[in-house]
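# Structural data only, the sequence is not supplied:
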Ligand SMILES: CC(=O)[C@@H](O)[C@H](O)COP(=O)(O)O
Ligand SMILES: NCC(=O)COP(=O)(O)O
């Protein structure tokens with residue numbers, strides 16, 4: 001079964017645009033869980049452009065109360081700064097079920113590539129070990145759309161990761177252009193290589209109700225999808241409850 005982890009970054013974008021506390025990130029996350037979402041994801045960025053450390057603590061409490069997965073995403077190499085204690089410190093404080101490491105910088109509008117597991121192995125390993133040492137499952141953001149990404153993906157296992165998260169931005173673009181067949185084969189190959197190396201496979205970035213079904217048909221065995229940008233956008237029209245239920249239906253899970 002593929003589980004749905006809803007990324008609520010975009011609720012915080014809206015809140016921060018005016019200061020104050022509305023819309024309420026925890027209330028939105030609760031609504032997603034009430035609709036049947038299996039977990040909550042956030043990607044607190046060092047520049048605090050959306051999710052802040054206090055959101056992480058509050059969402060950790062909610063997910064603990066509800067007994068669902070909390071997935072915390074971030075760059076383990078980004079140094080702490082005012083308002084951002086660092087990725088490991090956040091994980092140590094809240095002990096998320098899953099820590100997803102993403103190699104991005106402040107200058108990036110959003111995450112747009114995975115690790116190079118061969119080049120980054122020695123620097124990644126101590127971070128993976130430390131996160132596993134505090135009980136987190138560790139997933140590493142990975143490219144499937146490049147030859148190098150597919151060729152190197154099995155090395156995520158050598159680094160000690162439990163899973164990889166396939167960066168699906170290129171899939172979404174290919175799907176929108178109406179020419180996704182070759183891309184589907186590339187993602188299926190990347191997933192197969194990862195699974196053969198003993199890694200679980202997650203997927204995320206720009207997945208939507210439009211492109212998710214085709215992705216899951218093309219790529220067997222995806223354990224988790226984390227979805228935020230499109231889902232929160234769709235919820236503006238249909239509401240969070242109906243939108244989350246729409247995703248669950250695509251995952252083959254009908255809820256009343
Ligand atoms: C790793 C990943 O693909 C998501 O976390 C994505 O980066 C969302 O982050 P933003 O909401 O900051 O774009
Ligand atoms: N890991 C991907 C994620 O959490 C959400 O990405 P997006 O749906 O906001 O692009």
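The structure has been received and is ready for your questions. Computed from a prediction, not measured in an experiment: that's the story for all the values here. Ligands and ions are numbered 1, 2, ... in the order given.

# what about the nearest residue to residue 173 once chain neighbours are set aside, distance to ligand 2?
With sequence-adjacent residues excluded and distances taken as C-beta to C-beta, 6 or more residues apart in numbering, residue 173 is closest to residue 206, at 7.6 Å. C-betas here are computed from N, CA, C, even on glycine. Distance of residue 206 to ligand 2, given as C-beta to the nearest ligand atom, to the nearest Å: 5 Å.

# What is the neighbour count of residue 206?
For residue 206, the neighbour count with other C-beta atoms under 10 Å is 20.

# quick one: the closest residue to residue 55 other than its chain neighbours from ligand 1, how far?
Nearest non-adjacent residue to residue 55, counting by C-beta to C-beta, 6+ apart: residue 25, 5.1 Å away. Look at residue 25 and ligand 1: by C-beta to the nearest ligand atom, they are 12 Å apart.

# still on that earlier bit, where does the residue nearest to residue 173 fall, phi/psi-wise?
Backbone torsions of residue 206, given as degrees, to the nearest 10, read phi 60, psi 20.

# close enough to count as contact, it and residue 226?
No. In this structure, residue 206 is not within contact of residue 226 by C-beta atoms under 8 Å, at 11.1 Å.

# hmm, back to that, quick one: contacts for the residue nearest to residue 173?
If you count contacts by C-beta atoms under 8 Å, 6 or more residues apart in numbering, residue 206 has them with 168, 169, 171, 172, 173, 229, 230.

# Quick one: end-to-end length of stretch 168-187, please.
This stretch, stretch 168-187, spans 9 Å end to end (C-alpha to C-alpha, to the nearest Å).

# and the most centrally placed residue in the chain, what element?
Nearest residue to the geometric centre of the chain (C-alpha atoms, centre = their mean): residue 226, 4.4 Å. If you go by DSSP states H and E, residue 226 is part of strand 222-227.

# List the neighbouring strands of that strand plus their orientation.
strand 3-7 (parallel), strand 200-204 (parallel) (DSSP bridges).

# which residues are contacting the next helix or strand after it?
Sequence-wise, the next helix or strand beyond strand 222-227 is helix 229-238, with elements assigned using DSSP H and E. Residues from elsewhere that reach helix 229-238 (C-beta under 8 Å, 6+ apart): 6-11, 110, 206-210, 242-244, 246-247.
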